[in-house]
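Q: Below are the sequence and a predicted model; questions follow.
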Amino acid sequence: MVSDRNPAIVRVRAIAGYARSSPGAVASLVAEAFSIAYKDHDPLSLIRPYVTRTKLANKLAQELKGKSIDTQVATKALRLLGSAPIDASELKKAIEDAAGIEPVDPSLDADEMAAFIAFNQSNGNAHRGEDAYRRDALLCYTCHAIGGSGGSLGPDLTSLGASAPMDYIIDSLLQPQKKIKEGYHVISVSLKNGGLVSGTLAKEDGQSITVRDASDRIVVVSKSDIASQTISPVSLMPPGLTGGLRKDELADLVAFLSELGKEGPYKVSSGRIARTFKYLHDQDGDSGFADLVRHKPFGYVTSDDPLFEWRPLYTKVDGTLPLDGIPSLRQHGHINFHYLRFQMDVRTAGAVGLRLSGPDESVLWAGDQIVEREKGRYSFHAERGLATITLAVREDLPKKSELSIKIVDIEGS
(Lines give C-alpha, C1' and ligand atoms only; values in the text may rest on other atoms or scores of the structure.)
Protein backbone atom coordinates (compact mmCIF):
# COMPACT_ATOMS: atom_id res chain seq x y z
CA MET A 1 0.00 0.00 0.00
CA VAL A 2 2.89 2.41 0.64
CA SER A 3 4.57 1.58 -2.68
CA ASP A 4 5.13 4.53 -5.02
CA ARG A 5 3.21 2.56 -7.62
CA ASN A 6 0.00 3.42 -5.74
CA PRO A 7 -1.79 6.79 -5.91
CA ALA A 8 -0.65 9.38 -3.38
CA ILE A 9 -3.91 9.32 -1.44
CA VAL A 10 -3.68 5.53 -0.98
CA ARG A 11 -0.11 5.81 0.28
CA VAL A 12 -0.96 8.66 2.68
CA ARG A 13 -3.85 6.70 4.20
CA ALA A 14 -1.79 3.53 4.55
CA ILE A 15 1.08 5.35 6.25
CA ALA A 16 -1.37 7.09 8.60
CA GLY A 17 -2.63 3.66 9.61
CA TYR A 18 0.88 2.47 10.46
CA ALA A 19 1.54 5.68 12.40
CA ARG A 20 -1.40 5.05 14.71
CA SER A 21 0.16 1.84 15.99
CA SER A 22 3.92 2.54 15.72
CA PRO A 23 4.54 6.29 15.32
CA GLY A 24 8.21 6.21 16.24
CA ALA A 25 9.08 3.38 13.86
CA VAL A 26 7.44 4.96 10.82
CA ALA A 27 8.39 8.63 11.33
CA SER A 28 10.42 8.62 8.11
CA LEU A 29 7.44 7.24 6.17
CA VAL A 30 5.18 9.89 7.69
CA ALA A 31 7.62 12.61 6.59
CA GLU A 32 7.52 11.12 3.10
CA ALA A 33 3.71 11.09 3.21
CA PHE A 34 3.72 14.80 4.07
CA SER A 35 5.89 15.50 1.04
CA ILE A 36 3.51 13.72 -1.39
CA ALA A 37 0.27 15.00 0.14
CA TYR A 38 -1.38 17.83 -1.76
CA LYS A 39 -3.88 20.50 -0.77
CA ASP A 40 -7.00 18.30 -0.79
CA HIS A 41 -5.47 15.69 1.51
CA ASP A 42 -6.21 15.81 5.24
CA PRO A 43 -2.88 15.60 7.12
CA LEU A 44 -4.42 15.36 10.58
CA SER A 45 -4.42 11.56 10.60
CA LEU A 46 -0.67 11.70 9.89
CA ILE A 47 0.22 14.11 12.64
CA ARG A 48 -2.16 13.11 15.47
CA PRO A 49 0.06 10.24 16.73
CA TYR A 50 2.94 12.72 17.21
CA VAL A 51 1.20 15.30 19.42
CA THR A 52 0.99 13.14 22.53
CA ARG A 53 4.70 13.22 23.42
CA THR A 54 7.42 15.78 22.71
CA LYS A 55 9.91 13.01 21.93
CA LEU A 56 7.73 11.73 19.08
CA ALA A 57 7.10 15.26 17.79
CA ASN A 58 10.83 15.97 17.72
CA LYS A 59 11.52 12.69 15.90
CA LEU A 60 9.11 13.63 13.13
CA ALA A 61 10.65 17.12 13.03
CA GLN A 62 14.06 15.57 12.31
CA GLU A 63 12.65 13.41 9.52
CA LEU A 64 11.01 16.44 7.88
CA LYS A 65 14.33 18.24 7.37
CA GLY A 66 14.95 18.74 3.68
CA LYS A 67 11.36 17.86 2.73
CA SER A 68 8.90 20.10 0.88
CA ILE A 69 5.26 20.30 2.01
CA ASP A 70 2.26 21.83 0.29
CA THR A 71 1.37 25.11 2.02
CA GLN A 72 -2.27 24.18 2.61
CA VAL A 73 -1.32 20.78 4.03
CA ALA A 74 1.13 22.52 6.36
CA THR A 75 -1.46 25.06 7.48
CA LYS A 76 -3.92 22.32 8.47
CA ALA A 77 -1.19 20.52 10.43
CA LEU A 78 -0.12 23.73 12.17
CA ARG A 79 -3.68 24.31 13.30
CA LEU A 80 -3.66 20.97 15.14
CA LEU A 81 -0.24 21.70 16.65
CA GLY A 82 -1.62 24.93 18.03
CA SER A 83 -3.85 22.93 20.37
CA ALA A 84 -1.26 20.27 21.29
CA PRO A 85 -0.68 19.83 25.07
CA ILE A 86 3.07 19.28 24.51
CA ASP A 87 6.04 21.37 23.45
CA ALA A 88 5.77 20.96 19.68
CA SER A 89 7.90 23.97 18.78
CA GLU A 90 10.50 21.91 16.86
CA LEU A 91 7.85 20.17 14.80
CA LYS A 92 6.05 23.45 14.15
CA LYS A 93 9.29 25.04 12.92
CA ALA A 94 10.07 22.00 10.74
CA ILE A 95 6.65 22.17 9.06
CA GLU A 96 6.93 25.93 8.50
CA ASP A 97 10.38 25.48 6.96
CA ALA A 98 9.24 22.62 4.73
CA ALA A 99 6.30 24.67 3.46
CA GLY A 100 8.26 27.92 3.11
CA ILE A 101 5.97 29.68 5.57
CA GLU A 102 7.52 32.83 6.99
CA PRO A 103 5.25 34.19 9.72
CA VAL A 104 4.81 37.95 9.53
CA ASP A 105 5.91 39.93 12.56
CA PRO A 106 2.63 40.03 14.49
CA SER A 107 3.67 42.56 17.12
CA LEU A 108 2.53 45.98 15.98
CA ASP A 109 3.16 48.75 18.48
CA ALA A 110 0.72 51.65 18.76
CA ASP A 111 2.43 53.73 16.05
CA GLU A 112 2.68 50.78 13.64
CA MET A 113 -0.98 49.90 14.23
CA ALA A 114 -2.03 53.51 13.57
CA ALA A 115 0.08 53.57 10.40
CA PHE A 116 -1.43 50.32 9.10
CA ILE A 117 -4.98 51.51 9.83
CA ALA A 118 -4.25 54.69 7.87
CA PHE A 119 -2.82 52.61 5.02
CA ASN A 120 -5.91 50.40 5.10
CA GLN A 121 -8.30 53.32 4.97
CA SER A 122 -6.49 54.73 1.93
CA ASN A 123 -5.77 51.49 0.07
CA GLY A 124 -7.95 48.65 1.39
CA ASN A 125 -10.54 47.31 -1.04
CA ALA A 126 -13.36 45.17 0.37
CA HIS A 127 -14.20 43.63 -3.04
CA ARG A 128 -10.65 42.33 -3.45
CA GLY A 129 -10.69 41.40 0.23
CA GLU A 130 -13.62 39.03 -0.22
CA ASP A 131 -11.66 37.26 -2.95
CA ALA A 132 -8.72 36.96 -0.54
CA TYR A 133 -11.03 35.61 2.17
CA ARG A 134 -12.20 32.87 -0.22
CA ARG A 135 -8.69 31.66 -1.06
CA ASP A 136 -8.18 27.99 -0.26
CA ALA A 137 -4.76 28.70 1.24
CA LEU A 138 -6.21 30.86 4.03
CA LEU A 139 -8.86 28.27 5.03
CA CYS A 140 -11.16 31.03 6.32
CA TYR A 141 -14.37 29.25 5.32
CA THR A 142 -13.14 26.04 6.95
CA CYS A 143 -13.51 27.61 10.40
CA HIS A 144 -15.78 30.64 10.06
CA ALA A 145 -19.29 31.17 8.74
CA ILE A 146 -20.87 34.25 7.19
CA GLY A 147 -24.65 34.15 7.11
CA GLY A 148 -24.59 30.53 8.26
CA SER A 149 -22.36 29.51 5.35
CA GLY A 150 -19.01 28.03 6.37
CA GLY A 151 -17.41 26.17 9.25
CA SER A 152 -18.18 26.35 12.96
CA LEU A 153 -14.72 25.93 14.51
CA GLY A 154 -14.37 29.69 14.93
CA PRO A 155 -16.78 32.56 15.62
CA ASP A 156 -19.44 33.53 13.08
CA LEU A 157 -18.29 36.64 11.21
CA THR A 158 -21.64 37.86 9.88
CA SER A 159 -21.62 41.07 11.95
CA LEU A 160 -17.90 41.38 12.67
CA GLY A 161 -17.40 44.77 11.03
CA ALA A 162 -20.41 46.27 12.74
CA SER A 163 -19.31 45.12 16.20
CA ALA A 164 -15.48 45.18 16.24
CA PRO A 165 -13.04 48.05 15.67
CA MET A 166 -10.41 47.71 12.97
CA ASP A 167 -7.47 47.29 15.38
CA TYR A 168 -9.24 44.31 16.97
CA ILE A 169 -9.67 42.68 13.54
CA ILE A 170 -6.00 43.27 12.67
CA ASP A 171 -4.85 41.81 15.98
CA SER A 172 -7.11 38.80 15.50
CA LEU A 173 -5.49 38.10 12.12
CA LEU A 174 -1.89 38.62 13.20
CA GLN A 175 -2.10 37.31 16.79
CA PRO A 176 -5.12 34.99 16.99
CA GLN A 177 -4.16 33.81 20.47
CA LYS A 178 -4.16 37.38 21.84
CA LYS A 179 -7.94 37.78 22.03
CA ILE A 180 -9.81 34.49 21.92
CA LYS A 181 -13.57 34.92 21.91
CA GLU A 182 -15.44 33.38 24.84
CA GLY A 183 -16.52 29.84 24.00
CA TYR A 184 -13.71 29.25 21.50
CA HIS A 185 -10.82 28.42 23.84
CA VAL A 186 -9.08 25.14 23.06
CA ILE A 187 -9.30 22.34 25.58
CA SER A 188 -6.92 19.37 25.68
CA VAL A 189 -8.32 16.13 27.08
CA SER A 190 -5.93 13.31 28.02
CA LEU A 191 -7.62 9.93 28.14
CA LYS A 192 -6.89 7.07 30.52
CA ASN A 193 -5.99 4.84 27.54
CA GLY A 194 -3.25 7.27 26.49
CA GLY A 195 -5.26 8.97 23.78
CA LEU A 196 -5.70 12.70 23.31
CA VAL A 197 -8.64 14.81 22.19
CA SER A 198 -8.32 18.56 21.62
CA GLY A 199 -10.54 21.25 20.20
CA THR A 200 -13.30 23.60 21.32
CA LEU A 201 -15.88 22.55 23.88
CA ALA A 202 -19.20 22.21 22.08
CA LYS A 203 -21.29 20.70 24.90
CA GLU A 204 -20.96 19.29 28.40
CA ASP A 205 -23.27 17.40 30.74
CA GLY A 206 -22.87 15.22 33.80
CA GLN A 207 -21.72 12.17 31.86
CA SER A 208 -19.72 13.43 28.88
CA ILE A 209 -18.15 16.32 27.02
CA THR A 210 -18.48 17.01 23.31
CA VAL A 211 -15.44 18.44 21.54
CA ARG A 212 -15.22 19.90 18.04
CA ASP A 213 -11.68 19.11 16.87
CA ALA A 214 -9.41 20.88 14.38
CA SER A 215 -10.96 19.03 11.44
CA ASP A 216 -14.48 20.15 12.50
CA ARG A 217 -15.22 16.62 13.69
CA ILE A 218 -17.51 16.10 16.69
CA VAL A 219 -16.03 13.81 19.36
CA VAL A 220 -18.02 12.70 22.41
CA VAL A 221 -15.89 11.66 25.40
CA SER A 222 -17.25 9.95 28.51
CA LYS A 223 -16.08 11.71 31.67
CA SER A 224 -15.17 8.33 33.16
CA ASP A 225 -12.52 7.94 30.42
CA ILE A 226 -10.82 11.29 31.11
CA ALA A 227 -7.47 11.36 32.93
CA SER A 228 -7.02 15.15 32.80
CA GLN A 229 -8.47 18.19 31.10
CA THR A 230 -6.79 21.56 30.55
CA ILE A 231 -7.56 24.83 28.77
CA SER A 232 -4.92 25.84 26.23
CA PRO A 233 -3.89 29.51 25.91
CA VAL A 234 -3.59 29.20 22.11
CA SER A 235 -6.11 29.56 19.31
CA LEU A 236 -7.03 26.91 16.76
CA MET A 237 -6.14 29.55 14.17
CA PRO A 238 -2.37 29.16 13.75
CA PRO A 239 -0.17 32.27 13.92
CA GLY A 240 1.23 33.27 10.53
CA LEU A 241 -1.83 32.11 8.59
CA THR A 242 -1.93 35.49 6.83
CA GLY A 243 1.87 35.61 6.53
CA GLY A 244 1.69 34.81 2.82
CA LEU A 245 -0.26 38.00 2.10
CA ARG A 246 1.39 41.17 0.89
CA LYS A 247 0.70 44.32 2.87
CA ASP A 248 -1.88 45.49 0.33
CA GLU A 249 -3.60 42.07 0.32
CA LEU A 250 -3.79 42.08 4.12
CA ALA A 251 -5.29 45.57 3.94
CA ASP A 252 -7.91 44.30 1.47
CA LEU A 253 -8.82 41.41 3.77
CA VAL A 254 -9.15 43.76 6.76
CA ALA A 255 -11.29 46.11 4.66
CA PHE A 256 -13.66 43.25 3.79
CA LEU A 257 -13.96 41.99 7.37
CA SER A 258 -14.49 45.55 8.60
CA GLU A 259 -17.52 45.95 6.31
CA LEU A 260 -19.32 42.77 7.39
CA GLY A 261 -22.64 43.58 9.01
CA LYS A 262 -22.60 47.27 8.12
CA GLU A 263 -25.27 48.70 5.85
CA GLY A 264 -24.19 48.13 2.27
CA PRO A 265 -23.09 45.29 -0.01
CA TYR A 266 -21.47 43.25 2.79
CA LYS A 267 -24.49 42.97 5.05
CA VAL A 268 -26.04 39.51 4.75
CA SER A 269 -29.53 39.64 3.29
CA SER A 270 -32.41 38.29 5.36
CA GLY A 271 -33.84 36.66 2.22
CA ARG A 272 -34.12 32.90 1.90
CA ILE A 273 -31.02 32.17 -0.18
CA ALA A 274 -29.20 28.86 -0.56
CA ARG A 275 -25.68 29.58 0.73
CA THR A 276 -24.06 26.22 1.45
CA PHE A 277 -23.41 23.90 -1.48
CA LYS A 278 -21.29 20.95 -2.48
CA TYR A 279 -19.76 20.36 -5.89
CA LEU A 280 -18.92 17.07 -7.58
CA HIS A 281 -15.14 16.70 -7.67
CA ASP A 282 -13.58 15.38 -10.86
CA GLN A 283 -11.13 13.08 -9.04
CA ASP A 284 -8.25 15.30 -10.18
CA GLY A 285 -9.02 14.77 -13.83
CA ASP A 286 -9.18 10.96 -13.61
CA SER A 287 -10.22 9.77 -17.07
CA GLY A 288 -11.94 6.63 -15.76
CA PHE A 289 -14.17 8.67 -13.49
CA ALA A 290 -14.91 11.14 -16.29
CA ASP A 291 -15.94 8.22 -18.54
CA LEU A 292 -18.23 6.89 -15.80
CA VAL A 293 -20.11 10.19 -15.56
CA ARG A 294 -20.21 10.72 -19.32
CA HIS A 295 -21.71 7.32 -20.14
CA LYS A 296 -24.24 7.12 -17.31
CA PRO A 297 -27.74 8.64 -17.65
CA PHE A 298 -27.80 12.39 -17.00
CA GLY A 299 -29.65 11.98 -13.70
CA TYR A 300 -27.14 9.47 -12.32
CA VAL A 301 -25.44 12.33 -10.47
CA THR A 302 -28.38 12.32 -8.04
CA SER A 303 -27.45 8.82 -6.86
CA ASP A 304 -25.37 7.92 -3.81
CA ASP A 305 -22.61 6.27 -5.85
CA PRO A 306 -19.67 5.87 -3.40
CA LEU A 307 -17.29 7.02 -6.15
CA PHE A 308 -18.85 10.49 -6.02
CA GLU A 309 -16.93 12.95 -3.87
CA TRP A 310 -18.94 16.05 -3.03
CA ARG A 311 -16.84 18.91 -1.66
CA PRO A 312 -18.04 22.05 0.15
CA LEU A 313 -18.65 25.30 -1.70
CA TYR A 314 -20.01 28.55 -0.29
CA THR A 315 -21.66 31.63 -1.75
CA LYS A 316 -20.29 35.15 -1.52
CA VAL A 317 -21.90 37.56 0.93
CA ASP A 318 -24.31 38.76 -1.76
CA GLY A 319 -25.57 35.19 -2.25
CA THR A 320 -23.94 34.52 -5.63
CA LEU A 321 -21.96 31.32 -6.13
CA PRO A 322 -18.75 31.74 -8.18
CA LEU A 323 -18.07 28.66 -10.31
CA ASP A 324 -14.76 29.72 -11.85
CA GLY A 325 -12.17 27.13 -10.91
CA ILE A 326 -14.79 24.53 -10.00
CA PRO A 327 -14.24 21.32 -12.03
CA SER A 328 -16.73 20.32 -14.70
CA LEU A 329 -17.50 16.95 -16.24
CA ARG A 330 -18.69 16.10 -19.73
CA GLN A 331 -22.10 14.58 -20.29
CA HIS A 332 -23.23 12.91 -23.54
CA GLY A 333 -21.99 14.94 -26.50
CA HIS A 334 -19.57 17.82 -26.01
CA ILE A 335 -21.17 19.77 -23.17
CA ASN A 336 -19.44 20.12 -19.82
CA PHE A 337 -21.43 20.69 -16.64
CA HIS A 338 -20.68 21.82 -13.12
CA TYR A 339 -22.64 19.57 -10.75
CA LEU A 340 -23.84 21.18 -7.52
CA ARG A 341 -25.90 20.01 -4.57
CA PHE A 342 -27.54 21.63 -1.58
CA GLN A 343 -30.08 20.60 1.05
CA MET A 344 -33.28 22.21 2.32
CA ASP A 345 -34.81 21.58 5.72
CA VAL A 346 -38.50 21.18 4.88
CA ARG A 347 -40.51 21.76 8.05
CA THR A 348 -43.93 21.08 6.53
CA ALA A 349 -44.65 18.85 3.52
CA GLY A 350 -45.92 20.76 0.50
CA ALA A 351 -44.97 22.74 -2.57
CA VAL A 352 -41.53 24.34 -2.81
CA GLY A 353 -40.52 27.09 -5.20
CA LEU A 354 -36.97 27.99 -6.27
CA ARG A 355 -35.87 30.89 -8.44
CA LEU A 356 -32.45 30.78 -10.11
CA SER A 357 -30.66 33.96 -11.10
CA GLY A 358 -27.74 33.91 -13.51
CA PRO A 359 -27.25 31.12 -16.03
CA ASP A 360 -30.13 29.84 -18.14
CA GLU A 361 -30.47 26.23 -19.27
CA SER A 362 -29.61 24.80 -15.86
CA VAL A 363 -31.01 21.35 -15.03
CA LEU A 364 -32.43 20.73 -11.55
CA TRP A 365 -33.42 17.58 -9.71
CA ALA A 366 -35.37 17.32 -6.44
CA GLY A 367 -34.18 14.01 -5.07
CA ASP A 368 -33.88 11.91 -8.22
CA GLN A 369 -36.75 13.60 -10.05
CA ILE A 370 -36.01 16.19 -12.71
CA VAL A 371 -37.91 19.47 -12.29
CA GLU A 372 -38.96 21.56 -15.26
CA ARG A 373 -38.41 25.31 -15.24
CA GLU A 374 -41.55 27.34 -15.74
CA LYS A 375 -41.78 31.14 -15.78
CA GLY A 376 -38.26 31.45 -14.47
CA ARG A 377 -38.74 29.18 -11.46
CA TYR A 378 -38.76 25.55 -10.40
CA SER A 379 -41.60 24.12 -8.30
CA PHE A 380 -41.98 20.66 -6.80
CA HIS A 381 -43.51 18.79 -3.87
CA ALA A 382 -41.28 17.93 -0.92
CA GLU A 383 -41.93 15.76 2.10
CA ARG A 384 -41.03 16.87 5.60
CA GLY A 385 -37.29 16.49 6.33
CA LEU A 386 -34.10 17.17 4.40
CA ALA A 387 -34.61 17.57 0.67
CA THR A 388 -31.55 17.20 -1.57
CA ILE A 389 -31.44 19.43 -4.64
CA THR A 390 -28.94 18.68 -7.42
CA LEU A 391 -28.10 21.15 -10.15
CA ALA A 392 -26.22 20.84 -13.45
CA VAL A 393 -24.90 24.16 -14.80
CA ARG A 394 -23.37 24.35 -18.26
CA GLU A 395 -19.72 25.37 -18.10
CA ASP A 396 -19.96 27.58 -21.21
CA LEU A 397 -22.80 29.81 -19.99
CA PRO A 398 -21.78 33.49 -19.73
CA LYS A 399 -23.59 34.22 -16.42
CA LYS A 400 -22.57 31.12 -14.50
CA SER A 401 -20.71 33.14 -11.86
CA GLU A 402 -23.89 35.08 -11.10
CA LEU A 403 -25.70 31.94 -9.95
CA SER A 404 -28.01 32.56 -7.01
CA ILE A 405 -30.85 30.40 -5.70
CA LYS A 406 -33.73 31.85 -3.71
CA ILE A 407 -36.62 30.07 -2.06
CA VAL A 408 -39.87 31.74 -3.18
CA ASP A 409 -43.48 31.43 -2.07
CA ILE A 410 -45.81 29.64 -4.47
CA GLU A 411 -49.35 28.38 -4.18
CA GLY A 412 -49.46 25.50 -1.71
CA SER A 413 -46.12 26.30 -0.09
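A: Cool, got the structure.
Q: Secondary structure element holding the spatially most central residue of the chain?
A: Geometric centre of the chain, nearest residue: residue 142, 2.5 Å, by Cα atoms, centre = their mean. Assessed by DSSP states H and E, residue 142 sits inside helix 140-143.
Q: so for that helix, what's the average pLDDT?
A: Averaged across helix 140-143, pLDDT comes to 87.
Q: which residues sit against the lowest-mean-pLDDT helix or strand in the chain?
A: One helix or strand of the chain scores below all others by mean pLDDT, DSSP states H and E: helix 71-81, with a mean of 80. The contact list for helix 71-81 (Cβ atoms under 8 Å, 6 or more residues apart in numbering) reads 34, 37-39, 41-44, 46-48, 51, 88, 91-92, 95-96, 98-101, 136-137, 139, 198, 214-215, 236-238, 240-241, 244. In this view, the C-beta of every residue, glycine as well, is placed from N, C-alpha and C.
Q: In helices, which of the residues you listed fall?
A: The helices, defined by DSSP state H, take in 34, 44, 46-47, 91-92, 95-96, 98-99 from these.
Q: So which of the residues you listed is the closest to residue 264?
A: Closest to residue 264 out of the ones in helices among the contacts of helix 71-81 is residue 99 (36.8 Å), distances taken as Cβ to Cβ.
Q: how many neighbours does the nearest residue to the closest one once chain neighbours are set aside have?
A: Nearest residue to residue 99, sequence neighbours excluded (Cβ to Cβ, 6 or more residues apart in numbering): residue 74, at 3.4 Å. Neighbours of residue 74 under the rule other Cβ atoms under 10 Å: 24.
Q: quick one on the thing from earlier: is it possible to mark the buried ones in the contacts of helix 71-81?
A: 34, 37, 41, 43-44, 46-48, 51, 88, 91-92, 95-96, 98-99, 101, 139, 198, 214-215, 236-238, 240-241, 244 (16 or more other Cβ atoms under 10 Å).
Q: Strands of the stretch 251-400 of the chain, residue ranges please.
A: Shown for the stretch 251-400 of the chain, the strands assigned by DSSP state E, counting those that start in this stretch span residues 276-280, 310-314, 329-330, 336-346, 350-357, 363-366, 369-371, 373-374, 377-382, 385-394.
Q: what's the pLDDT at residue 40?
A: 67.
Q: ditto for residue 333
A: For residue 333, the model assigns a pLDDT of 73.
Q: Over to the one 10 residues further on?
A: Per-residue confidence for residue 343 comes out at a pLDDT of 95.
Q: Just list whatever residues bridge to it.
A: residue 388 (DSSP bridges).
Q: pretty sure it contacts residue 389?
A: Yes. Between residue 343 and residue 389 there is a contact at 7.2 Å, judged by Cβ atoms under 8 Å.
Q: So these two - more neighbours on which side?
A: residue 389 (23 against 14).
Q: The more buried one touches residue 345, doesn't it?
A: No. The pair residue 389 / residue 345 is not scored as a contact, 11.9 Å apart, by Cβ under 8 Å.
Q: I'd like the distance between residue 375 and residue 355.
A: With distances taken as Cβ to Cβ, to the nearest Å, residue 375 is found 10 Å from residue 355.
Q: ok, these two, which is more surrounded?
A: residue 355 (16 against 6).
Q: Leaving out chain neighbours, which residue sits closest to residue 282?
A: Here the residue nearest residue 282, using Cβ to Cβ, 6+ apart, is residue 327, at 3.8 Å.
Q: hmm, back to that, continuing past the helix holding residue 142, what's the next helix or strand?
A: strand 145-146.
Q: Can you spell out which helices and strands pack onto that following strand?
A: Here strand 145-146 touches no other helix or strand, going by 3 or more Cβ pairs under 8 Å, 6 or more residues apart in numbering; DSSP states H and E.
Q: So what are the sheet partners of that strand and their directions?
A: strand 149-150 (antiparallel).
Q: for the stretch 201-350 of the chain, what spans make up the helices?
A: Assigned by DSSP state H, counting those that start in this stretch, the helices in the stretch 201-350 of the chain fall at 247-259, 287-295.
Q: Among those helices, show me which one is buried the most.
A: helix 247-259 (a mean of 23; mean count of other Cβ atoms under 10 Å).
Q: Surely residue 186 touches residue 230?
A: No. With contacts defined as Cβ under 8 Å, residue 186 does not count as touching residue 230, sitting 9.4 Å away.
Q: Those two: which is more packed in?
A: Taking other Cβ under 10 Å, residue 186 and residue 230 do not tie; residue 186 has more neighbours (24 against 12).
Q: Disregarding residues adjacent in the polypeptide, which is nearest to residue 389?
A: residue 342 (5.5 Å).
Q: Apologies, that question was intended for residue 269.
A: residue 319 (6.3 Å).
Q: again, but for residue 228
A: residue 190 (4.7 Å).
Q: Identify the neighbouring strands of whichever strand or helix holds the one you found in the sheet and state each direction.
A: Using DSSP H and E, residue 190 sits within strand 186-191. Its sheet considered, strand 186-191 pairs with strand 196-204 (antiparallel), strand 226-232 (antiparallel) by DSSP bridges.
Q: hmm, back to that, can you check what pLDDT the model gives the residue nearest to residue 282?
A: 90.
Q: Quick check, it in contact with residue 281.
A: Yes. If you go by Cβ under 8 Å, residue 327 and residue 281 touch, sitting 6.3 Å apart.
Q: residues contacting residue 185?
A: 200-201, 231-232.
Q: switch to 6 Å and redo it
A: Residue 185 is in contact with residue 231, counting by Cβ atoms under 6 Å, 6 or more residues apart in numbering.
Q: got it, and residue 209?
A: residue 221.
Q: switch the cut-off to 7 Å
A: 201, 221, 223 (Cβ atoms under 7 Å, 6 or more residues apart in numbering).
Q: is it in a bridge, and if so with what?
A: residue 204, residue 221.
Q: Please tell me how far it sits from residue 143.
A: Taken as Cβ to Cβ, the span from residue 209 to residue 143 is 20 Å.
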